[in-house]
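Asker: need a 3D model of the sequence below.
(2 chains)
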Amino acid sequence: MEPARLHGDDDLFKRALEDRDERAFVELVHQYQDPLIRLALVYCGTRAVAEEVVQDTWLGALRGIERFEGRSSFKTWLFRILVNRARTHAAREARTIPFSSLETAAGSEPSVRADRFLGADHPDWPEHWSVPPRSWGSPESELLSKETLDIVLRAIAALVPAQREVITLRDVDGWDSGEVCNVLGITETNQRVLLHRARAKVRAALERHFDPDLE
Amino acid sequence: MMPTIVDDLACKEFVELVTEYLEGGMPAPARARVDLHLAGCPFCTIYLEQMRQTIALLGHLPQSEVNPRALDALLDAFRGR
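Answerer: From the prediction side, this is the model:
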């Protein structure tokens, strides 16, 4: 039999379960609790409910451990349990529209408002900027104020769930696209379209904040 | 003679390609077309920079602590296995 490929977390997970290493388990919880809650919040209305779903996810993982065969990484496996539970929860609460009907294709939603560009019939510069973006003028470190981060948080919260799932895993938690597709059960193309729409909306929210005159 | 290379990418199209461009999966000719446009368009260069800043900010959202009561309950479950 081929040995399962061990990622760092898989190793921790193995230690936690096979060696009953409590510290390894606590480390896993510290590592994943926050990302789990963030993703659960996409489907659950309140933090309290999200925390409940996450708790239930960990308990489910502990119970279902025999079914973890190392074919996926521990992280992917754990987050799939969460997504299943949270979506079921959301469907039961009917808080969100069914996920199967969520917009996932490339729609007509533009990244930047059409009136920021010249018309297609412009003689010299068709569809080039008429109201171009202006540099936010600060290095990244200066952009990192609590106020700015609140704007980012609000912009994420306003996204449709399918976009919010992807931007949360990709950009907030720093996953790669393969892992995201795997956990959410979407194609690479869908993933990229959803990420694109989500980032465009967060950028637009930041622009409204840094450069309100452009509106 | 080398063919003249012309930037035929409109800014409106660029903003829809920016994610694919940043993801790095673009075929070389498409990427070259974007690079050529960026070389001559300061506005799209700013847009790209803003997109990078947006991604950086998304990666800096505050983390919260694990709720100690939740951790205790999980440890109980872990020990009871």
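Asker: and the pLDDT at A:R170?
Answerer: Per-residue confidence at A:R170 stands at 98 (pLDDT).
Asker: separation between it and A:R23?
Answerer: Separation of A:R170 from A:R23 (C-beta to C-beta, to the nearest Å): 30 Å. To be clear about C-beta, it is placed using only N, CA and C from the backbone, and glycine gets the same treatment.
Asker: the more surrounded of the two?
Answerer: Regarding A:R170 and A:R23, a neighbour count based on other C-beta atoms under 10 Å in any protein chain shown identifies A:R170 as having more, with 24 against 10.
Asker: tell me the contacts of the more buried one?
Answerer: A:S177, A:V180, A:Q191, A:L195 (C-beta atoms under 8 Å, 6 or more residues apart in numbering or on different chains).
Asker: tally of neighbours for residue 46?
Answerer: You didn't pick a chain, so chain A it is. A:T46 has 9 nearby residues by other C-beta under 10 Å.
Asker: to clarify, I was referring to chain B.
Answerer: Counted with other C-beta under 10 Å, the neighbours of B:I46 add up to 16.
Asker: centre-most residue in chain A?
Answerer: A:T168 (2.0 Å; C-alpha atoms, centre = their mean).
Asker: next, the contact list for that residue, please.
Answerer: Going by C-beta under 8 Å, 6+ apart, A:T168 touches A:R38, A:L39, A:V42, A:I156.
Asker: helix or strand with the lowest mean pLDDT in chain B?
Answerer: In chain B, the helix or strand scored least confidently by mean pLDDT, DSSP states H and E is helix B:68-79, which has a mean of 91.
Asker: now the closest residue to A:E165 other than its chain neighbours, what's its secondary structure?
Answerer: In this structure, A:E165 finds its nearest non-sequential neighbour in A:V42, 5.3 Å apart by C-beta to C-beta, 6 or more residues apart in numbering or on different chains. Under DSSP: H, G, I helix; E, B strand; the rest coil, A:V42 falls in the helix class.
Asker: and the gap between A:V42 and A:V183?
Answerer: For A:V42 relative to A:V183 (C-beta to C-beta), the value is 12 Å.
Asker: repeat that for A:R63.
Answerer: Distance of A:R63 to A:V183, computed by C-beta to C-beta: 20 Å.
Asker: out of these two, which sits in the more crowded spot?
Answerer: Using other C-beta under 10 Å as the criterion, A:R63 and A:V183 rank with A:V183 on top: 22 against 11.
Asker: the one helix or strand the more buried one maps to - what's its average pLDDT?
Answerer: Secondary structure from DSSP states H and E places A:V183 in helix A:177-184. The pLDDT scores in helix A:177-184 average 95.
Asker: need the residues that contact that helix.
Answerer: Residues outside helix A:177-184 that contact it (C-beta under 8 Å, 6+ apart): A:72-73, A:75-76, A:79-80, A:83, A:165-166, A:169-170, A:186-188, A:190-192, A:195, B:23.
Asker: again, but for stretch A:16-36
Answerer: For stretch A:16-36, the external contacting residues (C-beta under 8 Å, 6+ apart) are A:9, A:12-13, A:15, A:54, A:57-58, A:65, A:74-75, A:78-79, A:82, A:169, A:172-173, B:63-64, B:66, B:70-71, B:74-75, B:78-79, B:81.
Asker: so which of the contacts of helix A:177-184 belong to helices?
Answerer: Within the contacts of helix A:177-184, residues falling in helices by DSSP state H are A:75-76, A:79-80, A:83, A:165-166, A:188, A:190-192, A:195, B:23.
Asker: what's the PyMOL syntax to select whichever of the residues you listed are buried?
Answerer: To isolate in PyMOL the members of the ones in helices among the contacts of helix A:177-184 that are buried, counting by 16 or more other C-beta atoms under 10 Å in any protein chain shown, one can use:
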select buried, chain A and resi 75+76+79+80+83+165+166+190+191+192+195
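Asker: can you tell me what sits against the top helix by length along chain B?
Answerer: The longest helix of chain B (DSSP H) is helix B:42-58. Applying C-beta under 8 Å, 6+ apart, the external contacts of helix B:42-58 come out as A:112, A:128-129, A:132-136, A:140, A:143-144, A:148-149, A:152, A:156, A:167, A:171-172, A:199, A:202-203, A:206-207, B:11, B:14-15, B:18-19, B:21-22, B:37-38.
Asker: list the buried residues of it.
Answerer: In helix B:42-58, counting by 16+ other C-beta under 10 Å, buried: B:43-48, B:50-51, B:53-55, B:57-58.
Asker: also stretch A:62-82?
Answerer: For stretch A:62-82, a neighbour-count test (16+ other C-beta under 10 Å) marks A:62, A:68, A:70, A:72-82 as buried.
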